[in-house]
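K.L.:
based on what follows, work out the 3D shape:
(one chain, ligands or ions: 1)
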Amino acid sequence: MKKTIRIGTRDSELALWQANTVKSKLENLGYTTQLVPVKSEGDLVLDKPLYEMGITGIFTKTLDVAMITGTVDIAVHSMKDVPTQLPNGIVQTAVLERASSEDILVTKSKVYFESPCTIATGSLRRQAQWLHRYPNHKVVDLRGNVNTRLQKLKDNDWQGAIFAKAGLQRINLLPADFIDLNWMLPAPAQGAMVVVALEEDEFCKEATSKLNDYNSEICTYMEREFLRTLEGGCTAPIGAFAEIIDDEIYFKGCLFSIDGKTKIDIEKKVLTSQYKGFGKECAKFILQNGGSELMISIKNEMK
Ligand SMILES: NCc1[nH]cc(CCC(=O)O)c1CC(=O)O
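P.N.:
Here you go, the predicted model:
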C-alpha cells in the first residue's frame, strides 16, 4: 500500500520552511507527501476528552488535535516549543540534525552595553539572563512570529531584540547587524526540529524515523529531561545545552529568578553511553541547591 503522508504544520513562514524540509527529505526517500498548513489558534478551546489527553502547548495544540482527529498524519515542530510531556497517543519519531542553538541580539546600530539600553524579548529565559549580565538595562516584552518581531524592532527605539539564530537563518532573515550571545544558555532543544506521529501509525513512524539524527536526539533528550524535572508544569527561566565531543556529552544548565538576580547553574559531563537520567540528575542538583525554593517563588510570581 502506498500512503500519502500528510504533514501538518503551522502557517508561519518559519513553520512552513521546517515542514517543507521534512517533506523533501521524505520524498527523497521515495515517500509521497502532502503539506497541510493549519491555522494555529493559541486559544483553541478543547472539549473535555481532548483536554484529558494532555494537550497543552500553545504552539502545538492545534496540530495535536489535527493528528488525533485524523486530518494530518505527522506534525513538524520547533522542538523547543513542544511541551516536555507529549499528549497520550502521540510520539516523537525523529529529531533532525540540529542547526545553530544560539541566541543572537539583532541591533540597529552600535550598542554601548555599559550605558542603559532597552532590549526586547518575550522570553523569561532571555530576560533573566540579560538582566543578570546587564542589571542597568531594561527589558521590554516582544511577541509574535519572527517576521513581526523584526518589524517591531525597526518601529521602536530599542537598541536590540533577541532571536534564535536558527529561526532567522532558516528563512533567510539573518541581518548583517547581529551579535552572537554565546554567554547565554539557549532554551532546551533550541535549533532542533522534531517530527511527531501517532503511536499506532507504524507506517509513518517507520518512514519518519529515517530522518532521525542520533546525536541531536540524545542531546535534546538530556536538555528536555533537565527541563521536565525542574519545571513541574510551570514556565520558568531555564536554559540548557548539551554537546557531544568524542565519547562524552558536555552539559550546561541554568535556572534564574525572573529579575535575573539569582542564578543557579551546573556544568557537567558524562559518557555518551550513560546519557539516560543525566539531565534529571543535573536538575536535581539545581533543585537541591536553592532551586526548589526558587521554583516556588517563580510560581507565586507568575500567578
Ligand atoms: N519561540 C518561537 C520560536 N520557536 C522556534 C524558534 C526558532 C527556531 C528554533 O529555535 O528551533 C523561534 C523563534 C525565536 O525564538 O526567536
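K.L.:
show me which residues of the stretch 151-300 of the chain are close to the ligand?
P.N.:
Contact residues, the stretch 151-300 of the chain versus the ligand (Cβ under 6 Å from any ligand atom): 163, 164, 166, 167, 190, 191. For the C-beta atoms, the positions are set from N, CA and C on the backbone; glycine is no exception.
K.L.:
list the ones among those that fall in helices.
P.N.:
Among these, DSSP state H puts 166, 167 in helices.
K.L.:
which of the helices or strands spans the closest residue to the ligand within the stretch 201-303 of the chain?
P.N.:
Among the residues of the stretch 201-303 of the chain, residue 220 lies closest to the ligand, at 10.3 Å counting by Cβ to the nearest ligand atom. Residue 220 belongs to helix 214-231 when assigned by DSSP states H and E.
K.L.:
quick one: residue 259 from residue 296, how far?
P.N.:
Counting by Cβ to Cβ, to the nearest Å, the gap between residue 259 and residue 296 amounts to 16 Å.
K.L.:
just send the residues of the stretch 151-300 of the chain next to the ligand back as a markdown table, with neighbour count too.
P.N.:
Converted to a markdown table, these look like this (neighbours: other Cβ atoms under 10 Å):
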| residue | neighbour count |
| --- | --- |
| 163 | 27 |
| 164 | 24 |
| 166 | 24 |
| 167 | 25 |
| 190 | 27 |
| 191 | 25 |
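K.L.:
would TSV of the residues of the stretch 151-300 of the chain next to the ligand with pLDDT be doable?
P.N.:
Compiled in TSV, these are given as follows (pLDDT from 0 to 100):
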residue	pLDDT
163	97
164	97
166	97
167	96
190	97
191	98
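K.L.:
what does the stretch 1-150 of the chain put close to the ligand?
P.N.:
For the stretch 1-150 of the chain, the residues in contact with the ligand under the definition Cβ under 6 Å from any ligand atom are 78, 80, 81, 146.
K.L.:
next, give phi and psi for residue 243.
P.N.:
phi -140, psi 140 (degrees, to the nearest 10).
K.L.:
that one: how many residues sit nearby?
P.N.:
Other residues lying near residue 243 total 14 when counted by other Cβ atoms under 10 Å.
K.L.:
which residues does the closest residue to it other than its chain neighbours form a beta bridge with?
P.N.:
Spatial nearest neighbour of residue 243, excluding adjacent residues (Cβ to Cβ, 6 or more residues apart in numbering): residue 250 at 5.0 Å. Applying DSSP bridges to residue 250 yields these beta-bridge partners: residue 243, residue 269.
K.L.:
thanks a lot, catch you later.
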